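1. Pasted the sequence and its predicted model underneath.
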Amino acid sequence: MIIRILKDIKLMTEHLLWPQACPICGRATVSFCPKCLASVVNAVPPFCLECGGKYGAHCCKNSVPCFASSIHDGAAREFILKLKYHNVKSIGISLGRLMAKENNPSSADLIVPIPLHGNTSREYNQSTLLATGISEEYQIKCDESILFWSNNRPKQTERYGLQRASMPLNALTAIPKLNNKKIILVDDVYTTGGTLRSAKAAIEKQGGKVVSAMLWSRRITSIENEATWENF
Ligand SMILES: [Zn+2]
Ligand SMILES: [Zn+2]
């Protein structure tokens, strides 16, 4: 009983702090409308997980394509911020389903979300919700126990700007015995690609095979990836 009251108070406080309204049409009391959510999908051409440029250049031989369903801007950005910081969990699975419908990656055995950073206080992993939506749409199992952050990793907050781009390849670790398992990686936003490169390396070390990565959006204005974006 007390827990329920506390939960109600928490929800009310959140509503006062961030009044619920659809960022597109402004409809109050809902955090989004499915139609408005679908209207912001605007997939960018597949890009390379290793170099960030358009997928298919000579450097991409041992790489895989990344599929982003929007550019990290405007309403597409607002929806992901609601999911990440305003506790609007229900957006996650809907976004995942849209990501699945919009793109056409090659088939896989598992959908694997990037784990939540160890030093975050968030209650849930937004990438797991996206991965769940994709998993439902493709009927491929989602497994969030495959990847975890390695213990020796420097804290994200201690790394700045370009330093973040140079995330060490061993920042993530994968569970053993992924023998030839084909995996689609899922993350919310592509910034520098460092996390995805580390996830791919960790999975390959255990014998698995990353076939693609799916993201809700790609950030284009950061100094880290301006150069590669120009190749589009
Ligand atoms: Zn709306
Ligand atoms: Zn490449």
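-> Nice, I can see it. Ligands and ions are numbered 1, 2, ... in the order given.

2. for residue 186, helix, strand, or coil?
-> Secondary structure assignment for residue 186 (DSSP: H, G, I helix; E, B strand; the rest coil): strand.

3. ok, the closest residue to it other than its chain neighbours - contacts?
-> In this structure, residue 186 finds its nearest non-sequential neighbour in residue 131, 4.1 Å apart by CB to CB, 6 or more residues apart in numbering. Where you see a C-beta, it was placed from the backbone N, CA and C, and this is true even at glycine. Shown in contact with residue 131 (CB atoms under 8 Å, 6 or more residues apart in numbering): 96, 111, 112, 113, 142, 144, 186.

4. Cross these against helices and list the overlap.
-> Under the assignment DSSP state H, the contacts of residue 131 contribute residue 96 to helices.

5. The contacts of residue 131: which ones sit near ligand 1?
-> When the contacts of residue 131 are checked against ligand 1 using CB under 5 Å from the ion, none falls in range.

6. What segments of the chain are helices?
-> Under DSSP H, the chain gives helices at 2-17, 34-39, 74-85, 90-102, 126-138, 162-165, 194-205, 226-229.

7. need the helix or strand of the chain with the lowest average pLDDT.
-> helix 162-165 (a mean of 51; mean pLDDT, DSSP states H and E).

8. Would you mind measuring from the residue nearest to residue 36 when sequence neighbours are not counted to residue 128?
-> Once flanking residues are discounted, residue 36 sits nearest to residue 24: 3.7 Å by CB to CB, 6+ apart. To residue 128, residue 24 is 25 Å away according to CB to CB, to the nearest Å.

9. which residues sit in contact with residue 96?
-> 129, 130, 131, 132, 133, 134, 135, 136, 137, 186 are the contacts of residue 96 under CB under 8 Å, 6+ apart.

10. Look up how far residue 172 lies from the last one.
-> Think residue 186. 14 Å.

11. More neighbours: these two, which one.
-> residue 186 (29 against 25; other CB atoms under 10 Å).

12. any idea how far residue 53 is from the more buried one?
-> For residue 186, the distance to residue 53 - CB to CB - is 21 Å.

13. picking up where we left off before, comparing residue 24 and residue 128, which residue is more hemmed in?
-> Ranked by neighbour count (other CB under 10 Å), residue 24 and residue 128 place residue 128 first, with 22 against 17.

14. Could you check how far that one is from residue 35?
-> With CB to CB as the criterion, residue 128 and residue 35 are 25 Å apart.

15. And for residue 107?
-> 30 Å.

16. for residue 203, same thing?
-> In terms of CB to CB, residue 203 sits 36 Å off from residue 35.

17. Would you mind naming what in the chain lies close to ligand 1?
-> Selection of the chain residues close to ligand 1 by CB under 5 Å from the ion yields 22, 24, 25, 27, 33, 36.

18. May I ask which of the residues you listed has the most neighbours?
-> residue 22 (20 neighbours).

19. Wait, it touches residue 30, no?
-> Yes: Residue 22 lies in contact with residue 30 (CB atoms under 8 Å); the separation is 5.8 Å.

20. Flag the shaky bits of the protein, pLDDT-wise.
-> For the chain, applying pLDDT under 70 flags the ranges 7-8, 10-19, 152-166, 221-232.

21. where's residue 122 relative to ligand 1, distance?
-> 25 Å (CB to the ion, to the nearest Å).

22. er, residue 45 I mean
-> Counting by CB to the ion - residue 45 and ligand 1 are separated by 28 Å.

23. who's the residue nearest to that residue when sequence neighbours are not counted bridged to?
-> In this structure, residue 45 finds its nearest non-sequential neighbour in residue 54, 5.9 Å apart by CB to CB, 6+ apart. Under DSSP bridges, the beta-bridge partners of residue 54 are residue 47.
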